[in-house]
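Asker: Mind folding the following:
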Amino acid sequence: LIDLATKTVVDSFSAGTVDLAMIDTKEEDLISQTFFKYSIPREPDGVSFVGNDYFATADEGDMDGGSRGFTIYHTGTGAVVFSSGSFMDQYAAAIGHYQEGRSGNKGVEPENCVFGTYE
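Answerer: Take a look at the predicted model:
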């Protein structure tokens with residue numbers, strides 16, 4: 001974390017890893033979400049602050065099958081308060097938007113995240 005006023009790094013922490021359940025890891029023209037991957041690095045591609053207390057990351061992952069989701073962290077501690085796990089892959093398949101040709105690579109592969117409020 002960077003203090004923009006003083007231009008100094010005030011804290012840092014690992015994005016950590018995620019376990020993925022019921023995902024498709026093989027490209028064989030069949031969506032078969034029956035596989036598991038453990039301790040996959042999140043490797044965030046994008047970040048968005050969610051108010052003052054939280055921030056979210058789009059966890060694309062660039063190796064070992066990708067982390068395929070998003071994570072919400074507490075800004076002050078870096079603690080994970082929510083991880084989407086394999087939900088995005090499962091939901092994309094449920095609504096007919098899962099690209100089976102991505103299974104062996106990274107699944108849904110989120111690139112970024114945004115935060116907004118609506119009235």
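Asker: Give the other helices and strands that the lowest-mean-pLDDT helix or strand in the chain contacts.
Answerer: Within the chain, confidence by mean pLDDT, DSSP states H and E is lowest for strand 2-3 among all helices and strands, at a mean of 85. Contacts defined by 3 or more Cβ pairs under 8 Å, 6 or more residues apart in numbering; DSSP states H and E place strand 2-3 against strand 8-9. Yep, even glycine has a C-beta here, placed from its N, CA and C like the rest.
Asker: helix, strand or coil for the nearest residue to Glu100 once chain neighbours are set aside?
Answerer: Nearest residue to Glu100, sequence neighbours excluded (Cβ to Cβ, 6 or more residues apart in numbering): Ile31, at 5.3 Å. Under DSSP: H, G, I helix; E, B strand; the rest coil, Ile31 falls in the coil class.
Asker: Compute the distance between Ile31 and Lys37, please.
Answerer: For Ile31, the distance to Lys37 equals 16 Å [Cβ to Cβ, to the nearest Å].
Asker: got it, and Val50?
Answerer: 27 Å.
Asker: Check Met88 too.
Answerer: Look at Met88 and Lys37: by Cβ to Cβ, they are 14 Å apart.
Asker: Next: Gly46.
Answerer: 22 Å.
Asker: Wait, a helix at Ala93?
Answerer: Yes: counting by three-state DSSP, Ala93 falls inside a helix.
Asker: how near is it to Leu20?
Answerer: In terms of Cβ to Cβ, Ala93 sits 14 Å off from Leu20.
Asker: For the two, indicate the residue with more neighbours.
Answerer: Leu20 (23 against 20; other Cβ atoms under 10 Å).
Asker: Who is that one paired with across the strands?
Answerer: Lys37 (DSSP bridges).
Asker: Thanks a lot, catch you later.
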